[in-house]
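*Asks:* Got a predicted structure plus its sequence, pasted below:
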Amino acid sequence: MNLLLLAIAPVLAILIYIYVQDKHEKEPRRLLLLSFLFGAIISIIIVFVLYFFTGRLIPVTDQFSVGQQFIQAFVVVALAEEFSKYVIVKYYAQPKKAFNEPYDGIIYAVMVSMGFACTENIMYVLDGGYQTGILRAFTAVPAHATFGVLMGFYMGKAKFSKNRLRLNLMGLLLATIFHGAYDFFLFINFIPGISIGAFISLIIGIVLSKKAIKAHQDNSHFKT
């Protein structure tokens with residue numbers, strides 16, 4: 001039970017933070033909950049399907065190959081996971097009437113991302129124990145949140161733009177790049193000290209996420 005709480009706690013903390021940042025018009029809690037649940041269930045299913053095909057098409061034949069690990073990080077893992085989240089935001093959240101200001105892109109994308117992160121984190125923490133739970137609370141979980149913010153920033157803009165497709169894909173691309181970079185530096189940990197790159201990419205993601213949140217807050221249709 002303690003391990004389960006440890007796995008869920010950082011997810012809840014981030015969800016509360018993102019919800020509080022929605023200062024001008026709160027989203028319906030039902031839609032937020034469903035977005036979270038879809039992220040926890042449907043995105044996991046999509047990822048497993050994509051992993052099955054990409055794992056067969058792009059297998060790792062040499063775990064010490066930087067090139068192969070690059071493809072695994074950016075294509076097999078990052079693109080598969082971010083695409084699964086993107087599908088839910090685009091086809092479930094974005095068409096909703098409640099999605100009525102740019103910040104909504106961030107909050108729905110983070111809800112989906114945290115649903116995914118919650119399921120993933122529970123599996124890792126129950127398997128790896130307290131040390132894994134504490135480490136992931138300050139690394140993998142906030143990383144997924146930043147991927148969601150960066151994707152949601154552009155998907156929030158897309159809802160109110162004539163260039164909806166381009167902006168939506170920009171969100172998917174940016175989330176995939178940051179996710180891929182984070183994983184890539186961890187995948188090539190056979191190079192001494194290279195893992196620090198993952199933390200640097202996470203810090204950059206956090207800084208950009210804060211700027212993205214502030215930008216959409218300042219541009220809210222409901223700001224008085």
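*Replies:* Yes, it's here.
*Asks:* From now on I want contacts and neighbour counts done on CA atoms only, so please keep to that.
*Replies:* Noted.
*Asks:* Which residue ranges of the chain form helices?
*Replies:* 2-20, 29-57, 66-71, 80-88, 103-128, 130-137, 140-158, 164-187, 196-218 (DSSP state H).
*Asks:* what's the most buried one of those helices?
*Replies:* The highest mean neighbour count among those belongs to helix 140-158 (a mean of 27), with neighbours defined as mean count of other CA atoms under 10 Å.
*Asks:* pLDDT (mean, whole number) over that helix?
*Replies:* Here helix 140-158 scores 97 as its mean pLDDT.
*Asks:* That helix vs helix 80-88, what angle?
*Replies:* 40 degrees (axes from the mean of the first three to the mean of the last three CA atoms, to 10 degrees).
*Asks:* dump the residue contacts of Leu150.
*Replies:* Contacts here follow CA atoms under 8 Å, 6 or more residues apart in numbering; on that basis Leu150 touches 106, 171, 174-175, 205, 208-209, 212.
*Asks:* And the residues you listed, which is closest to Val141?
*Replies:* Nearest to Val141 among the contacts of Leu150 is Gly205, at 12.5 Å by CA to CA.
*Asks:* how near is Val20 to Val112?
*Replies:* According to CA to CA, to the nearest Å, Val20 stands 17 Å off from Val112.
*Asks:* which residue packs closest to Phe99, ignoring adjacent ones?
*Replies:* Nearest residue to Phe99, sequence neighbours excluded (CA to CA, 6 or more residues apart in numbering): Ala93, at 6.9 Å.
*Asks:* OK, contacts around that neighbour?
*Replies:* The contact partners of Ala93, by CA under 8 Å, 6+ apart, come to 31, 35, 99, 108.
*Asks:* go on, Ile45?
*Replies:* With CA under 8 Å, 6+ apart, Ile45 has no contacts at all.
*Asks:* pLDDT value on it, please?
*Replies:* The model's pLDDT for Ile45 equals 83.
*Asks:* State the distance from the nearest residue to Arg164 once chain neighbours are set aside to Phe99.
*Replies:* In this structure, Arg164 finds its nearest non-sequential neighbour in Ala158, 4.3 Å apart by CA to CA, 6+ apart. Applying CA to CA, the value for Ala158 to Phe99 is 11 Å.
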